[in-house]
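Novice: how would this look folded up:
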Amino acid sequence: MTTTHCPYCALQCAMSLEPGPDGRLAARPAPFPTNRGGLCRKGWTAAEVLTVPDRLTRPLLRERRGGELVETDWDTALDHVAERLLALRAASGPDSVAVFGGGGLTNEKSYTLGKFARLALASSQIDYNGRFCMSSAAAAGTRAFGLDRGMPFPLTDVAEAETVLLAGANPAETMPPMMGHLRAPTLIVIDPRRSATARVALDQGGLHLAPRPGTDLALALGLLHAARVRGWCDEPFLAERTTGFDAAWEHAAAWWPERTERVTGVPAASVRAAADLLGRAAGNRSAYVLTGRGTEQHAKGTDTVSAWINLALALGLPGRHGSGYGCITGQGNGQGGREHGQKADQLPGYRRIDDPDAREHVAGVWGVDPRSLPGPGRSAFELLDALGGPDGPRALLLFGSNPLVSAPHTARVRDRLDSLDLLVAADFVLSETAATADVVLPVAQWAEEGGTMTNLEGRVLRRAPATAPPEGVWTDLEVLSALAVRLGQPVGRFPTDPDAVLAELGRASAGGPADYSGVTPRRLADGQALYWPVRAPTGSTPRLFLEAFAHPDGRARLAPVAHRDPAETTDDEYPLVATTGRLMGHYQSGAQTRRVAELDDAEPEAYVEVHPATAARSGLAAGDWARVTSRRGHTRARVRLEPTARLDTVFLPFHFAGEQAANNLTHPALDPVSRMPEFKVSVVRLEPEPPGPGRGAPDPADTPTPGGPR
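Specialist: Purely as a prediction, here's the structure:
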């Protein structure tokens, strides 16, 4: 039996993997603070992903555009990739090759991927799918506190609170074990839908505020207005530990509850009630404001999160025991994945790549001239959008991501991927994106290799291997090392042992904001709770900001933010707003969970959740197939009627592919700071699905097949 952590969300629930009579592993819950001995449906079935029938065990190579993917050996595949990359680099420069990573990669892989891009490829063109998840909260947290750690306190602290406000988060479905920490507090849930979490809030005597999608910022301003007018602001805290309140208040002063109601649809009485509920708990230093993707995935996501942080600061919550602000990180290593170099603007340790001191430190660890390191590259969607363009990359190496399902405006992304000279995907199955690649490299999965993850609290965890990878399967570290040597790097510069990489990561991050220099295999094996910064030799920081915030003057900053409309608004042609989210049984692009029979049987197809009156106006009834159309494309989804839904809003889960992909609809407008796309607001129309081939299934023309052409 091996004790390790779940491959899915950032709770990183502990689990035991036990071999059965047939040799296959089975997952069982194990005690750990975040899950307290529980698992969700995904966790219970996680081991089944290791033995799915279409698991890849040999590299696949497409010799020419339009050809079939055929099995080959590793030397042939890697030689082919290296030859093509060297030729492209010689012809068009190092930025002709790009790398796209993922928030599920271990810290060691994230670190190595960034190092590989900047040394082996000498390219600035690297980013990752975490840009689509936590980037707005990261930018707002850095702006306010001088440092971004999703939760700057242990999750167990939340269980002791009187009141918790959840803005755009639905942990009852996305992170069910987290709800064990939310049984005692009174909950205020901000969500356009009557989500499972909103139902829990109401059952526990709390509140559900359902704003029109795209108006969360206005609601946060309205709550700050009500809190101050009703006497809940902590004036001594604001004076002693913050700056910028007066400028922030200039915007909030205009958002009296009645005006807030007109813009958001949330009754003025509910705004006042929420301010009172949160304010009373804040007065007892027993309240938290937590944000999630629903309030962050907007083209104004950074300002929206800043508005929630302003509310928390005005109430005196951050930097104190028993209260605070936190972001509920989504992907398994969404926190660590953005700290160690696979993000376009960062070097290991959460250092900025344009900081001369940071460049000198990291270059010293790598043994290169700081001047040889490239500068910042494009953000995730900008990188995908530039592929194959006049000044864009001609080749893309893809690790731990499936952008043909997870990125916005999937028709545009497909077009850009098809324009590449070379697409290489490291994956364990033919995901929708891997199926279109020129080379597919079969790589090990979570239970087949070691490494560390950083969960939503900033706690570094050790993921232990429970079994060997299938014969013929390599680890990502082995792939990167072998490719680096073929690209001219010294043998040994890219270690394949996760512990060796962790030691190097510790040196590279030492002294940085996210300092891992004190993280060692022995401390992790001993079960020590290591919250970063973990400074050598014995450091750990479970609670940040208790003495001072991370800005030079020790004060937090309130940002002056103003509400503005989404990137597009409804009209006669597109009269509804579509918003997207997750289901309990699926995860991210579904490449893993849609291959688990129990999960797929429970949620086998996309659906559109809609108010009965809205459906009737569109000529639809429960169980019908609907076509949901935006200015960018359409998706096919089964109608589910929900009497509590807003009349102007429809909801779609984003785990499905082809013509059932919700991101066929979504808007690529980007936040000016975080570069987060506008996932949560797309204007659409709803109508019956026209008759066609494969009714109820993705159209074969829109779903890649294993040997499909490029």
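
Novice: need the contact list for Ala144.
Specialist: Contacts for Ala144 (Cβ atoms under 8 Å, 6 or more residues apart in numbering) come out as 306, 309, 313, 318, 549, 556-559. All C-beta spots, glycine's among them, are computed from the backbone N, C-alpha and C.

Novice: swap in Leu187?
Specialist: 163-166, 197, 200-201, 204, 206-207.

Novice: now, among these, which is nearest to Ala227?
Specialist: Comparing the contacts of Leu187 against Ala227 with Cβ to Cβ places Leu165 closest, at 11.2 Å.

Novice: give me the number of residues near the closest one?
Specialist: 32 (other Cβ atoms under 10 Å).

Novice: Which parts of the stretch 351-500 of the chain are strands?
Specialist: All strands of the stretch 351-500 of the chain, identified by DSSP state E, counting those that start in this stretch, fall at 351-352, 395-399, 422-427, 439-442, 451-454, 459-463.

Novice: nearest to Ala484, of these?
Specialist: Closest approach to Ala484 among these is made by strand 395-399 (11.7 Å; Cβ to Cβ).

Novice: for the record, mean pLDDT for that closest one?
Specialist: Throughout strand 395-399, pLDDT has a mean value of 98.

Novice: which secondary structure elements does it contact?
Specialist: Applying 3 or more Cβ pairs under 8 Å, 6 or more residues apart in numbering; DSSP states H and E, one finds that strand 395-399 contacts helix 74-92, strand 97-101, strand 422-427.

Novice: Now mean pLDDT and mean neighbour count too, for the ones you listed, in JSON lines please.
Specialist: Formatted as JSON lines, the helices and strands packed on strand 395-399 follow (pLDDT from 0 to 100; neighbours: other Cβ atoms under 10 Å):
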{"stretch": "helix 74-92", "mean pLDDT": "98", "mean neighbour count": "16"}
{"stretch": "strand 97-101", "mean pLDDT": "98", "mean neighbour count": "27"}
{"stretch": "strand 422-427", "mean pLDDT": "98", "mean neighbour count": "24"}
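
Novice: Which among the ones you listed is found nearest to Asp385?
Specialist: Of all the helices and strands packed on strand 395-399, it is strand 97-101 that lies closest to Asp385, at 11.6 Å by Cβ to Cβ.

Novice: could you point out which element follows the closest one?
Specialist: Following strand 97-101 in sequence order, the next helix or strand is helix 107-115 (DSSP states H and E).

Novice: quick one: contacts of that next one?
Specialist: Applying Cβ under 8 Å, 6+ apart, the contact partners of helix 107-115 are 99, 101, 105, 126, 128, 333, 336-337, 339-343, 346-348, 366, 399-400, 451-454, 460, 476-477, 480, 494, 498, 501-502, 504-505, 508, 516.

Novice: Quick check: mean pLDDT of it?
Specialist: The average pLDDT within helix 107-115 is 98.

Novice: What of stretch 46-64?
Specialist: pLDDT averaged over stretch 46-64 gives 95.

Novice: That one: end-to-end distance?
Specialist: End-to-end distance for stretch 46-64: 36 Å, by Cα to Cα, to the nearest Å.

Novice: element containing Arg272?
Specialist: Here Arg272 sits within helix 268-283, counting by DSSP H and E.

Novice: Go through that helix and flag the buried ones.
Specialist: Residues of helix 268-283 classed as buried by neighbour count (16 or more other Cβ atoms under 10 Å): 268, 270-275, 277-279, 281-282.

Novice: quick one, what contacts the residue nearest the centre of the chain?
Specialist: When the chain is reduced to its mean C-alpha position, the closest residue under Cα atoms, centre = their mean turns out to be Cys133, at 3.0 Å. Contact partners of Cys133, counting by Cβ under 8 Å, 6+ apart, are 103, 293, 297, 329-331, 334.

Novice: just checking, which of these belong to helices?
Specialist: Mapping these onto helices (DSSP state H) picks out 293, 334.

Novice: could you flag which of the contacts of Cys133 are buried?
Specialist: Buried by 16+ other Cβ under 10 Å: 103, 293, 297, 329-331, 334, out of these.

Novice: With distance to Asp415 and pLDDT added, can I get the buried residues of helix 268-283 in JSON lines?
Specialist: Output for those, formatted as JSON lines (distance: Cβ to Cβ, whole Å; pLDDT from 0 to 100):
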{"residue": "Ala268", "distance to Asp415": "46", "pLDDT": "98"}
{"residue": "Ser270", "distance to Asp415": "44", "pLDDT": "98"}
{"residue": "Val271", "distance to Asp415": "44", "pLDDT": "98"}
{"residue": "Arg272", "distance to Asp415": "49", "pLDDT": "98"}
{"residue": "Ala273", "distance to Asp415": "49", "pLDDT": "98"}
{"residue": "Ala274", "distance to Asp415": "44", "pLDDT": "98"}
{"residue": "Ala275", "distance to Asp415": "47", "pLDDT": "98"}
{"residue": "Leu277", "distance to Asp415": "49", "pLDDT": "98"}
{"residue": "Leu278", "distance to Asp415": "46", "pLDDT": "98"}
{"residue": "Gly279", "distance to Asp415": "50", "pLDDT": "98"}
{"residue": "Ala281", "distance to Asp415": "50", "pLDDT": "98"}
{"residue": "Ala282", "distance to Asp415": "50", "pLDDT": "98"}
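
Novice: Okay, strands next: where are they in the stretch 101-250 of the chain?
Specialist: For the stretch 101-250 of the chain, applying DSSP E, counting those that start in this stretch gives strands covering 126-128, 163-167, 186-190, 207-209, 242-243.
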